[in-house]
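Asks: Just the structure for this:
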Amino acid sequence: MKKELILKNNIRSVRKAKGLSQAELAAMSGVSRITISSIETGQFNPTAKLALLLCIALEQKFEDLFYFD
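Replies: Numbering: from 1, shown residues only. Next comes the predicted model:
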């Protein structure tokens, strides 16, 4: 049986390293703070567009923010 791939992310650690709050990152990305929280905790997977906006806001490559576990 094939193992299901789970999309994980490093958004919380990168955001904190840059000194940003969830609300600040949300404003930069055009979403709510709750959305950022849900992405960070793995409750919600962002759309491709939102994932790229987060990469731009955090100045990171996609593969440095998102990975499969």
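Asks: CA atoms for contacts and neighbours, from now on please.
Replies: OK.
Asks: buried residues in stretch 26-38?
Replies: For stretch 26-38, the neighbour count (16 or more other C-alpha atoms under 10 Å) marks 26, 29, 33, 35-37 as buried.
Asks: contact partners of the longest helix along the chain?
Replies: With secondary structure taken from DSSP state H, the chain has its longest helix at helix 48-58. Contacts with helix 48-58, where a contact means C-alpha atoms under 8 Å, 6 or more residues apart in numbering, come from 14-15, 18, 25, 28-29, 61-62, 65.
Asks: Show me what counts as buried in it.
Replies: Neighbour counts over helix 48-58 (16+ other C-alpha under 10 Å) mark 51-55, 57-58 as buried.
Asks: Could you report the distance from the residue nearest the centre of the chain to Lys3?
Replies: The centroid of the chain falls nearest to Ile11 when counting by C-alpha atoms, centre = their mean (4.4 Å). Computed as C-alpha to C-alpha, to the nearest Å, the Ile11 to Lys3 distance reads 24 Å.
Asks: any low-confidence regions in this structure?
Replies: Across the chain, nothing is flagged by pLDDT under 70.
Asks: Now do the strands in it.
Replies: Taking DSSP state E, the strands of the chain run over residues 7-9, 66-68.
Asks: Would you reformat the ones you listed as JSON lines and include distance to Gln43 and mean neighbour count?
Replies: Shown next, in JSON lines, are those (distance: least, C-alpha to C-alpha, whole Å; neighbours: other C-alpha atoms under 10 Å):
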{"stretch": "strand 7-9", "distance to Gln43": "10", "mean neighbour count": "16"}
{"stretch": "strand 66-68", "distance to Gln43": "14", "mean neighbour count": "13"}
